[in-house]
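K.L.:
starting from these lines, generate the structure:
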Amino acid sequence: MLTDYHNHLETGTLTLEYLTKFTDMAKQKGIEHFGISEHAYHFYQTADILSNPWVEERRYYDMSDYVNLFQEAWKQNIDVKMSIEMDYTPGKHGEMEKFIKTYDFDYVIGSIHWVDTFGIDLAEFKHEWDRRDLFDTYRKYFDQVVTLAQSNLFDIVGHLDLVKIFKYVPEDEEFLLEQYERATDALANSKTCVEISTAGLRKPVGQLYPDKRLLQKCFDKKIPIVLSSDAHFPEHVGADFDQAIALAKEVGYEKIMTFSKGKRTEYTIG
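P.N.:
Just a heads-up that it's a prediction; the model follows:
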């Protein structure tokens, strides 16, 4: 069994024609469970959850159009899961929960892209890495991983160590492992799965998410996994899954989680 649960239509259109380019690629790659998880900040209905100038320039979708797209796909017997990738926003648990419960998602991804007003993975903000304290940014990032897990709002945490995207990584291994430890402690006490994402291979860091040491802690604490490509273009669906599967098996994983309308089923990987 293979999954690819983290994918985006934002570089194209919310149309069946564009969606099928993704689902056709998933079929070619032998991916049995495929889902679209558009960024929640694009939708007018999330304005009370996350709002800043960068986001507001990119808020142009309505959830009714999104839901209708999936209903149209299902009528055509296109096997695709409906999801959302939500920016976990501290202090907005009630608003996030209300939004999540309003729609019949197959699963929900929670991700961290912002540390205060710092868009950690955005090219427009890259200069901030040299202006900020690296340890402070990492500590605040993993603070959010902990509270994301404790919220128990999400089925999957996206790209768990996205904070390394531009290769700004503390050389103090003890500090790094401390962040990994507390993050996985929180995840182990939640319903949240971890994705092995191949997107990092296409980013400056050139590595899978998460780091092998972090994934090992996930395995040791029995945190379930899924596989994801975080494709923003059809050709990236299922990209480099051989590396993701190899890493999963290297740390000990043999099973992968699947979702359907919130129901979870575990299968053997590959």
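
K.L.:
okay, buried residues for the helix ranked longest in the chain please.
P.N.:
In the chain, with assignment by DSSP state H, the single longest helix is helix 134-151. Going by neighbour count (16 or more other C-beta atoms under 10 Å), the buried part of helix 134-151 is 134, 137-146, 148-149, 151. In short, each C-beta sits where N, CA and C put it, glycine included.

K.L.:
and for it, what's in contact with it?
P.N.:
Contact with helix 134-151 is made by 88, 90, 93, 96, 110, 112, 115-116, 118, 120, 129, 154, 157, 160, 163, 168, 170, 172, 175-176, 179, 182-183, 186-187, 189-190, 192, as judged by C-beta atoms under 8 Å, 6 or more residues apart in numbering.

K.L.:
picking up where we left off before, CSV for the buried residues of helix 134-151, including pLDDT and distance to Arg202?
P.N.:
Converted to CSV, these look like this (pLDDT from 0 to 100; distance: C-beta to C-beta, whole Å):
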residue, pLDDT, distance to Arg202
Leu134, 98, 23
Thr137, 98, 22
Tyr138, 98, 22
Arg139, 98, 27
Lys140, 98, 26
Tyr141, 98, 21
Phe142, 98, 23
Asp143, 98, 27
Gln144, 98, 24
Val145, 98, 22
Val146, 98, 28
Leu148, 98, 24
Ala149, 98, 26
Ser151, 97, 29
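
K.L.:
quick check: the farthest pair among those?
P.N.:
Leu134 and Ser151 (26.2 Å; C-beta to C-beta).

K.L.:
of the contacts of helix 134-151, just the buried ones, ChimeraX syntax please.
P.N.:
Buried members of the contacts of helix 134-151, defined by 16+ other C-beta under 10 Å, are picked up in ChimeraX with:
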select :88,93,96,110,112,115,118,120,154,157,160,163,168,176,179,182,183,186,187,190,192
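
K.L.:
give me the subset of the contacts of helix 134-151 that lies in helices.
P.N.:
93, 96, 175-176, 179, 182-183, 186-187.

K.L.:
nearest to Gly35 among the buried residues of helix 134-151?
P.N.:
Nearest member of these to Gly35, counting by C-beta to C-beta, is Leu148, at 19.3 Å.

K.L.:
so who does the nearest residue to Met1 once chain neighbours are set aside touch?
P.N.:
Nearest non-adjacent residue to Met1, counting by C-beta to C-beta, 6 or more residues apart in numbering: Tyr267, 3.6 Å away. Residues near Tyr267 by C-beta under 8 Å, 6+ apart: 1, 255-256, 258.

K.L.:
mind listing the residues bridging to Tyr267?
P.N.:
Here Tyr267 sits in beta bridges with Ile256, going by DSSP bridges.

K.L.:
the strands in the stretch 1-150 of the chain, which residues?
P.N.:
For the stretch 1-150 of the chain, the strands defined by DSSP state E, counting those that start in this stretch occupy 3-4, 33-39, 81-87, 107-111, 114-115, 118-119.

K.L.:
what's the closest of the ones you listed to Val237?
P.N.:
That would be strand 3-4 among the strands of the stretch 1-150 of the chain, by C-beta to C-beta, at 5.9 Å.

K.L.:
and the residue nearest to His33 when sequence neighbours are not counted, what does it touch?
P.N.:
Spatial nearest neighbour of His33, excluding adjacent residues (C-beta to C-beta, 6+ apart): Thr3 at 4.3 Å. The contact partners of Thr3, taken as C-beta under 8 Å, 6+ apart, are 31-35, 226-228, 256-258.

K.L.:
top of those by number of neighbours, please.
P.N.:
Counting neighbours by other C-beta atoms under 10 Å, the top entry in the contacts of Thr3 is Gly35, with 30 neighbours.

K.L.:
what about that one, distance to Lys126?
P.N.:
Distance of Gly35 to Lys126, given as C-beta to C-beta, to the nearest Å: 30 Å.

K.L.:
so Asn248 makes contact with Ile196?
P.N.:
Quick fix: residue 248 is Ala, not Asn. Yes. Taking contacts as C-beta atoms under 8 Å, Ala248 lies within contact range of Ile196: 5.8 Å.

K.L.:
higher neighbour count, the two?
P.N.:
Between Ala248 and Ile196, Ile196 has the larger neighbour count (other C-beta under 10 Å), namely 27 against 22.

K.L.:
for Gly270, report the pLDDT, please.
P.N.:
Per-residue confidence (pLDDT) for Gly270: 76.
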